[in-house]
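1. Predicted coordinates and the sequence they were generated for:
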Amino acid sequence: MRKPTIFITRKVPGKLLESYKDVFDIRMWEKEEEPVPREVLEKEVKQVDGLLCVLSDQVDQSVLNQSKQLKVVANMAVGFDNININYAKEMGVIVTNTPDVLSESTADLGFTLMMATARRLNEAAEYIKDGQWKNWAPFLLAGTDVYNKTLGIVGMGRIGEAIARRANGFGMTVLYHNRKRKREAERELQASYVQMDELLSQSDFVISVVPFTKETNKLFNKEAFEKMKESAVFVNISRGAVVDENALYCALKAGEIKAAGLDVFEQEPISSNHPLLELENVICLPHIGSATVQTRTAMIELCLKNIANVLEEKAPLTPVN
Ligand code: DGY
C-alpha cells in the first residue's frame with residue numbers, strides 16, 4: 001500500500017519526524033530561514049496528501065488548485081490568514097492551526113515588549129554601547145510605570161487572557177474589547193468589557209491580540225491613535241495588517257502617543273530602512289511571539305499530529321475550517 005506523502009515547507013529537527021518515518025513519505029524544504037519558493041510549493045502540492053506550512057507561506061486558491069490528493073494543511077501558527085480556508089473547505093481540505101500550545105509564550109513576549117517599550121530598554125542598551133554612559137542622572141532614560149496602570153487588551157482570545165493574567169500580577173486595571181463578551185474571563189481576570197473608543201481613551205497601554213480579518217484590517221488607524229492618551233504605549237503582537245503603519249508613524253512622530261512595541265508588520269520581513277526603525281520610541285522585533293524552543297517544538301508536534309489524524313481518518317485535534 002502507498003504511504004501518504006507529506007511536505008514540510010521549512011527544515012524542522014529530524015528527531016521530531018522520527019516516529020512518522022514509517023507511516024509517511026516525508027518531503028521537506030531543507031532550509032530553515034529561507035522560505036520555500038512559490039513554484040516549489042506549487043509543484044510539491046501536486047503530489048502530497050498533507051502539507052505542513054508556516055505563516056509566511058501563502059496557501060491561496062492557486063496553490064490549492066494545484067493539489068490532486070491534498071487532505072490536510074497544518075499551519076504552524078495560531079493565525080491562519082495566510083490560507084484561503086473557505087476555498088480549502090470547498091475542496092474538502094482540512095486546515096488546522098496551533099492554538100493553546102503557544103498562548104503562554106506569546107503572552108510572555110507581549111508583556112516583555114510592553115515593559116521593554118515602557119522602560120525604554122532598547123534606548124538604554126544602545127546608550128551604553130554608544131559610550132554615552134558617563135553619569136547617573138535623576139531622569140536619565142526615565143520611562144513610564146507599568147505597575148498599577150491601565151491595560152487595554154484588544155482581542156480577548158487565549159493569548160489575550162494569558163496577558164490579562166500577567167497584568168493582574170502587576171496590579172493593572174484590565175479593560176478589554178472583543179467581538180463577544182467573555183463573562184467568565186471578566187470574573188476570573190477582573191477584566192472589564194468596554195467599547196473600543198473607551199478602551200483607546202482610557203488605557204495607558206493598548207495591546208493588539210486580534211486576528212487579521214476584513215473587520216480588523218487597519219483597525220488601528222489615524223482616528224484610533226488620536227483617541228489614545230498622549231502617554232499611551234501601543235503594542236502589537238497579532239498581525240501587522242491590523243495597523244495602518246503610516247498613521248502609527250505619524251502619531252509617534254507627532255507625540256500623539258508615547259511609544260510602540262511591534263512584533264509584527266504589514267509586509268514581513270521589514271527592511272532595515274523601514275521608517276518605524278528611525279524612531280527612538282519604537283521597539284521592533286522580527287515576529288518572535290511564540291519563539292521559544294519548547295513552544296516551537298510543541299507547535300511542530302501538534303501540526304504533525306493533526307496531519308497524522310486526518311490521514312488516518314481520525315478527527316484533527318485543532319481544525320479551523
Ligand atoms: C501565530 O501563531 O499566529 C504567531 O504569530 C506565530 O508566532
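-> That came through, no problem. Numbering: from 1, shown residues only.
2. ok so residue 175 is a strand residue?
-> Yes - Residue 175: assigned to a strand according to DSSP: H, G, I helix; E, B strand; the rest coil.
3. So which bits of the stretch 1-150 of the chain are right by the ligand?
-> By the rule CB under 6 Å from any ligand atom, the part of the stretch 1-150 of the chain lying against the ligand is 55, 77-79, 102. Every residue, glycine included, has its C-beta placed from N, CA and C.
4. for the longest helix anywhere in the chain, packing partners?
-> Longest helix in the chain, counting residues (DSSP state H): helix 293-311. Contacts defined by 3 or more CB pairs under 8 Å, 6 or more residues apart in numbering; DSSP states H and E place helix 293-311 against strand 50-53, strand 72-75, strand 94-96, helix 103-118.
5. ok, residues contacting that helix?
-> 4, 6, 12-13, 16-17, 20, 23-24, 49-50, 52, 71-72, 74-77, 94, 96, 98, 101-102, 104-106, 290, 315-319 (CB atoms under 8 Å, 6 or more residues apart in numbering).
6. most neighbours, which of the residues of the stretch 1-150 of the chain next to the ligand?
-> Using other CB atoms under 10 Å as the neighbour test, those are led by residue 102, with 26 neighbours.
7. nearest residue to it other than its sequence neighbours?
-> residue 290 (3.9 Å; CB to CB, 6 or more residues apart in numbering).
8. Can you tell me which residues in the stretch 151-300 of the chain are near the ligand?
-> Counting by CB under 6 Å from any ligand atom, the positions of the stretch 151-300 of the chain adjacent to the ligand are 289-290.
9. which stretches of the stretch 151-300 of the chain form strands?
-> With DSSP state E, counting those that start in this stretch as the criterion, the stretch 151-300 of the chain has strands at 173-177, 191-193, 205-208, 233-236, 259-262, 282-284.
10. What average pLDDT does the fifth one get?
-> I take that to be strand 259-262. For strand 259-262, the mean pLDDT works out to 98.
11. what about it, distance to the chain center?
-> How far strand 259-262 lies from its chain's middle: 15 Å, per CA atoms, centre = their mean, to the nearest Å.
12. Residue 163: how many residues sit nearby?
-> Neighbours of residue 163 (other CB under 10 Å): 32.
13. Residue 258 against residue 235, yeah?
-> No - taking CB atoms under 8 Å as the definition, residue 258 is not a contact partner of residue 235, at 11.7 Å.
14. Show me this protein divided up by domain.
-> Following automatic domain parsing, one finds the domains of the chain at 5-101+293-311, 103-284.
15. so how far is residue 285 from the residue lying closest to residue 11 once chain neighbours are set aside?
-> Nearest residue to residue 11 in three dimensions, chain neighbours excluded: residue 32, at 4.4 Å (CB to CB, 6+ apart). Using CB to CB, to the nearest Å, residue 32 is found at 18 Å from residue 285.
16. Which one's more surrounded, those two?
-> Neighbour count, other CB under 10 Å: between residue 32 and residue 285, residue 285 has more, with 18 against 9.
17. Need the nearest residue in space to the more buried one, chain neighbours excluded.
-> Distances taken as CB to CB, 6+ apart place residue 263 nearest to residue 285, at 4.5 Å, with adjacent residues excluded.
18. Just the endpoints, please. Distance across stretch 258-271?
-> This stretch, stretch 258-271, spans 23 Å end to end (CA to CA, to the nearest Å).
19. that older thread, just send the strands of the stretch 151-300 of the chain back as JSON lines, with mean neighbour count too.
-> Below are those laid out as JSON lines (neighbours: other CB atoms under 10 Å):
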{"stretch": "strand 173-177", "mean neighbour count": "22"}
{"stretch": "strand 191-193", "mean neighbour count": "19"}
{"stretch": "strand 205-208", "mean neighbour count": "28"}
{"stretch": "strand 233-236", "mean neighbour count": "27"}
{"stretch": "strand 259-262", "mean neighbour count": "25"}
{"stretch": "strand 282-284", "mean neighbour count": "20"}
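20. Adding distance to residue 67, write these out as TSV.
-> Formatted as TSV, these follow (distance: least, CB to CB, whole Å):
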stretch	distance to residue 67
strand 173-177	38
strand 191-193	42
strand 205-208	34
strand 233-236	33
strand 259-262	35
strand 282-284	36
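21. Residue 125 is nearest to which of those?
-> Closest to residue 125 of those is strand 282-284 (CB to CB; 10.4 Å).
22. And the contacts of the closest one?
-> By CB under 8 Å, 6+ apart, the residues outside strand 282-284 that reach it are 113, 116-117, 121-122, 252, 259-262, 265, 270, 274, 276-277.
23. Tell me the strands beside it, with direction?
-> strand 259-262 (parallel) (DSSP bridges).
24. Backbone dihedrals for the nearest residue to residue 110 once chain neighbours are set aside, both of them.
-> Leaving aside its sequence neighbours, residue 110 sits nearest to residue 237 (CB to CB, 6+ apart; 4.4 Å). Reported as degrees, to the nearest 10, the phi and psi values for residue 237 are phi -120, psi 20.
25. hang on, residue 103 packs against residue 158?
-> Yes - under the criterion of CB under 8 Å, residue 103 makes contact with residue 158 at 4.3 Å.
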